[in-house]
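**Student:** One predicted model, sequence on top.
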Amino acid sequence: MDLLTRHDRTVRLLADRLETLAVASLRVPRGDRAYRDHILAAIAATRHAVALRLISPDEAAAIWDEVAGRHPEAGWCRKGPDLAGPLAA
């Protein structure tokens, strides 16, 4: 798989994962707690994708911002991942 294909696939998978989590977490009371492990996994996946240079920190932030814009009630999504951590270096 070439770099462009890998990049595009990573962007698509991350966006789909966040979108699905946002919708699911809004359907149940206290969904941010019910889906906590899934949310943490999405944060980790984002940080790993940036650390592996599959996507840039700006692209990652834009994906999170897009999903948060479509689902403002999903407070966990507005926060986004901490891309300044040790894995993002």
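**Tutor:** Arrived safely, thanks for sending.

**Student:** how would you label Arg33: helix, strand or coil?
**Tutor:** helix (DSSP: H, G, I helix; E, B strand; the rest coil).

**Student:** Compute the distance between the residue lying closest to Val11 once chain neighbours are set aside and Ala68, please.
**Tutor:** Once flanking residues are discounted, Val11 sits nearest to Ile55: 6.1 Å by CB to CB, 6 or more residues apart in numbering. C-beta here means a position set from N, CA and C on the backbone, and glycine is covered the same way. Distance of Ile55 to Ala68, given as CB to CB, to the nearest Å: 17 Å.

**Student:** element containing the residue nearest to Val11, please.
**Tutor:** Counting by DSSP states H and E, no helix or strand carries Ile55.

**Student:** residues near it, how many?
**Tutor:** Residues lying near Ile55 (other CB atoms under 10 Å) number 20.

**Student:** Kindly report the same for the one 5 residues further on.
**Tutor:** If you count neighbours by other CB under 10 Å, Ala60 ends up with 23.

**Student:** what's in contact with the host helix or strand of it?
**Tutor:** Per DSSP H and E, Ala60 falls inside helix 57-70. The set of residues external to helix 57-70 that reach it, using CB atoms under 8 Å, 6 or more residues apart in numbering, is 11, 14-15, 18-19, 22, 46, 49-50, 55, 74, 77-78, 80-81, 83, 88.
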